[in-house]
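*Asks:* Generate coordinates for the sequence data below:
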Amino acid sequence: MKNLNYLTLDPRGRTREASDEGGDTHTENTLPKRYNKTNRLKEKAILVGVKLQAEDKKRPEDSLAELAKLTETAGGVITDRIIQEVKQINSAYLIGKGKVEEIKNLISQRDADLVIFDDDLTPAQQRNLEEEFGVKVIDRTGLILDIFAQRAKSKEGKLQVQLAQLNYLLPRLVGWGGVLSRLGGGIGTRGPGETKLEVDRRTIRDRIVRAKKDIEKVRKVRTLHRKRRSHISCSTVSFIGYTNAGKSTLLNHLSNAGVLVGDKLFATLDPTIRKIRLPDNREILISDTVGFINKLPHQLIAAFKATLEEINESDILLHVIDISHPRVDDHITSVNSVLSEIGTSQKPIIHALNKIDKLDNVNSIVRYWQRELDNCVAVSALTGQGINDLFNKIEDLIQTRLKKVRLKLPVDAGDLISKIHRNGRIIREEYTGEEVIIEAEVDNKLAHSLEAFSF
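*Replies:* Reported below is the predicted structural model:
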């Protein structure tokens, strides 16, 4: 097996390369600040990735960098990043036994609290590694679930996270005496609201059934809310995109909604819905949804079905893309993969090429993506550049979905007439005594609600 160089932290917290040729690990044991804002001791983590020999070297490095940001988001402090190149995966440990021994020594040197793997571990691999290391071991999926547990605010979000965690944890209880509490607290063991996950085999299945029933109740309520919104008769645009692509910042620019914005992964978890007025005076609903990520756990996609239904029920998708990111192509692939999984890949879509303020050669990069993707608009959610172009693109796409109607309404139907003016394009309007004859172009939702007045 060939070992890659790995990254450690210098005294200022910056990464530097350290040789791994001889099998011995030597790094300076100087770590970044270990306390968070509440003066609570942070957990020290060693990150481990695997590169198959046929795999591009840059991909696992970028993936481990993303894992590092996830770890920081969860409240951990990274001491070392290790990538091992292997011919094939070790079924017992994922990595080679020699690397296991090396990490054991590194845990002792660093006084590390946990080891986080970038790839999914089988329950057996996770148990074997914990027995070898003597510290907590989690994988990327467990880490993402932990972050979701911390970020969930609404009852719906907490229920969905709980279901995902329980489904993830159930096979991992086998062989542990059926009790999870042996792991202690901290990253990977927190439930929604940072409560400690205390589950055993005898009760976990009952909790899964109960969580599914509660989520179904929430789904019915959300469906009812959507039906009520449908009476508003305006188009819905759902913001989607890779996590940290700038969806919430862009939504703030469009609506001044004051949605949480931060340079953190999964800053938005619960969906946010706002009504805005376009420059042509048409009203639309816009919603911000949870960000997607590479290797998004299947448990989350399944558990967050109720939330992701917001995307399914929207009229237009607005895919916010950070085109300044070096792995933007992978990000687009990850988002499209989730859209396919939830059955939404055929919806009309606008691609907002965001963060152009970070690019030096912006014109050539934008032209490239305009050739690769349909309905592209270059924007900067930070500076506001291109926002008017984005509004125009939304208006154009809505216009292509309009239906021509001929209506005969009573003159006292003022609210309905105003709604047609706000959300459609008036072709002809004629008052004849007690009736108003209107010819207009409106979207399908509004056209459907006006069928009783058609002639």
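
*Asks:* Give me the nearest residue to the residue of the chain most remote from its centre, chain neighbours excluded.
*Replies:* Taking Cα atoms, centre = their mean, the residue of the chain most remote from its mean C-alpha position is Gly433, at 55.3 Å. Excluding the flanking residues, the one nearest Gly433 by Cβ to Cβ, 6 or more residues apart in numbering is Val411, at 7.9 Å. Any C-beta I mention is one placed from the backbone N, CA and C, and that applies to glycine too.

*Asks:* ok now do the one you found, which residues does it touch?
*Replies:* By Cβ atoms under 8 Å, 6 or more residues apart in numbering, the residues touching Val411 are Tyr431, Gly433, Glu434, Glu435, Val436.

*Asks:* and which of these is nearest Ser345?
*Replies:* Each of the contacts of Val411 was scored against Ser345 by Cβ to Cβ, and Val436 proved nearest at 41.6 Å.

*Asks:* Quick one: neighbours of Pro410, just the number.
*Replies:* Counted by other Cβ atoms under 10 Å, the residues lying close to Pro410 total 12.

*Asks:* hang on, isn't it packed against Thr432?
*Replies:* No - contact status for Pro410 versus Thr432: not in contact, 11.3 Å apart, counting by Cβ atoms under 8 Å.

*Asks:* quick one, helices of the stretch 51-200 of the chain?
*Replies:* Ranges of helices in the stretch 51-200 of the chain, per DSSP state H, counting those that start in this stretch, are 58-73, 97-110, 123-133, 140-151, 155-173.

*Asks:* a strand runs through Ser345, doesn't it?
*Replies:* No - according to DSSP: H, G, I helix; E, B strand; the rest coil, Ser345 belongs to no strand; its state is coil.

*Asks:* separation between it and Ser238?
*Replies:* Per Cβ to Cβ, to the nearest Å, Ser345 is found 13 Å from Ser238.

*Asks:* got the contact list for the closest residue to Glu441 other than its chain neighbours?
*Replies:* Closest residue in space to Glu441, ignoring its immediate chain neighbours: Leu402 at 4.0 Å, by Cβ to Cβ, 6+ apart. Contacts of Leu402 were listed using Cβ under 8 Å, 6+ apart, and they are Gly424, Arg425, Glu441, Val442, Asp443.

*Asks:* can you tell me which of those lies nearest to Gly96?
*Replies:* Closest to Gly96 out of these is Asp443 (58.9 Å), distances taken as Cβ to Cβ.

*Asks:* Verify the stated contact: the closest one with Thr400.
*Replies:* No - taking contacts as Cβ under 8 Å, Asp443 lies outside contact range of Thr400: 10.3 Å.

*Asks:* out of these two, which sits in the more crowded spot?
*Replies:* It is Asp443, of Asp443 and Thr400, that has more neighbours when counted by other Cβ under 10 Å, with 20 against 7.

*Asks:* Quick one: residues contacting the more buried one.
*Replies:* Asp443 neighbours (Cβ under 8 Å, 6+ apart): Ser233, Cys234, Ser235, Asp315, Ile398, Arg401, Leu402, Lys403, Asn423, Gly424.

*Asks:* Filter the contacts of Val411 down to the ones in strands?
*Replies:* Tyr431, Glu435, Val436 (DSSP state E).

*Asks:* For burial, what's the neighbour tally of the second one?
*Replies:* Translated: Glu435. With other Cβ under 10 Å as criterion, Glu435 counts 15.

*Asks:* how close does it get to Pro410?
*Replies:* For Glu435 relative to Pro410 (Cβ to Cβ), the value is 6 Å.

*Asks:* Also Thr73?
*Replies:* 57 Å.

*Asks:* Neighbours of the residue nearest to Leu317 when sequence neighbours are not counted, how many?
*Replies:* Counting by Cβ to Cβ, 6+ apart, Ile349 is the residue found nearest to Leu317 once chain neighbours are left out, at 4.4 Å. Neighbours of Ile349 under the rule other Cβ under 10 Å: 19.

*Asks:* My read is that Ile349 contacts Cys376, right?
*Replies:* No - the criterion here is Cβ under 8 Å, and Ile349 misses it with Cys376 at 10.3 Å.

*Asks:* Val237: helix or strand, and which one exactly?
*Replies:* strand 236-241 (DSSP states H and E).

*Asks:* Lys419 should be in a helix, yeah?
*Replies:* Yes - assessed by three-state DSSP, Lys419 belongs to a helix.

*Asks:* distance of it from His225?
*Replies:* Distance from Lys419 to His225, by Cβ to Cβ: 19 Å.

*Asks:* measure Glu430 to Thr249 for me?
*Replies:* 46 Å.
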